[in-house]
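Enquirer: Sequence unavailable; structure follows:
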């Protein structure tokens, strides 16, 4: 902003909110930000952007690292997002399918795969469909916080997967 001649506090102000690892706070924090009536909102994750979108239809929203902006309802399509949200997609659904294909190619006898992390509902459906077509059984272990990681790893160890797919989130 400085290179453009803008000065913080005079020409623009950044207002921050953090969940501090508690994703249940997204809705309340989004409402707080919208109440400030900013010119633009930024959501660093898909969940943050979805909370912002639920909080306003008027204020523009820019998001980063959305794994499935179309399937989650954040945008209408990648080519024409529509509404008040736009940003970057990591093409999560397509990448999850490709990663399953690569696991199967590396280990042709593969049968059980654990998905560790987080997938949207749409990503999970696509991964399950692809896995089924490849003769794979998927186990989903959600771990979206440090506190959830230990129990998820313990569960994964007990179930003895033959392959592991780590998802974002």
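Expert: Cool, the structure landed. As the structure is a prediction and not an experimental result, all values here were calculated from the model. Residues are numbered from 1 along each chain as shown.
Enquirer: Break the protein into its domains for me.
Expert: When the chain is parsed with automatic domain parsing, its domains come out as 2-89, 92-166.
Enquirer: Tell me how far residue 109 lies from residue 157.
Expert: For residue 109, the distance to residue 157 equals 21 Å [Cβ to Cβ, to the nearest Å]. (Glycine included, C-beta is placed from N, CA and C.)
Enquirer: And these two? Which one has more around it.
Expert: When neighbours are counted by other Cβ atoms under 10 Å, residue 157 comes out ahead of the other of residue 109 and residue 157, with 10 against 7.
Enquirer: counting contacts, what elements does the helix or strand containing that one pack onto?
Expert: With elements delineated by DSSP states H and E, residue 157 resides in helix 146-159, which encompasses its position. Using 3 or more Cβ pairs under 8 Å, 6 or more residues apart in numbering; DSSP states H and E as the contact definition, the elements that helix 146-159 packs against are strand 112-117, strand 137-142.
Enquirer: most neighbours per residue, which of these?
Expert: Each of the helices and strands packed on helix 146-159 was assessed for mean neighbour count using mean count of other Cβ atoms under 10 Å. The highest is strand 112-117, with a mean of 21.
Enquirer: Mind jotting down where the strands sit in this protein?
Expert: For the chain, the strands identified by DSSP state E occupy 41-43, 61-66, 85-89, 112-117, 137-142, 163-166, in order along the chain.
Enquirer: Take these and lay them out in TSV including mean pLDDT.
Expert: Putting the strands of the chain into TSV (pLDDT from 0 to 100) gives the following:
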stretch	mean pLDDT
strand 41-43	96
strand 61-66	90
strand 85-89	89
strand 112-117	88
strand 137-142	87
strand 163-166	87
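Enquirer: what are the ranges of the helices in this protein?
Expert: Counting by DSSP state H, the chain has helices at residues 26-35, 46-55, 92-106, 121-133, 146-159.
Enquirer: Looking at the strands of the chain, which is nearest to residue 32?
Expert: The closest of these to residue 32 is strand 41-43. By Cβ to Cβ, the value is 11.3 Å.
Enquirer: low-scoring pLDDT stretches of this structure, where are they?
Expert: The model of the chain has pLDDT under 70 over residues 91-94, 168-169.
Enquirer: Mind doing that once more with 80?
Expert: By pLDDT under 80, the weakly predicted segments of the chain are 67, 78-79, 90-97, 118-123, 144-145, 167-169.
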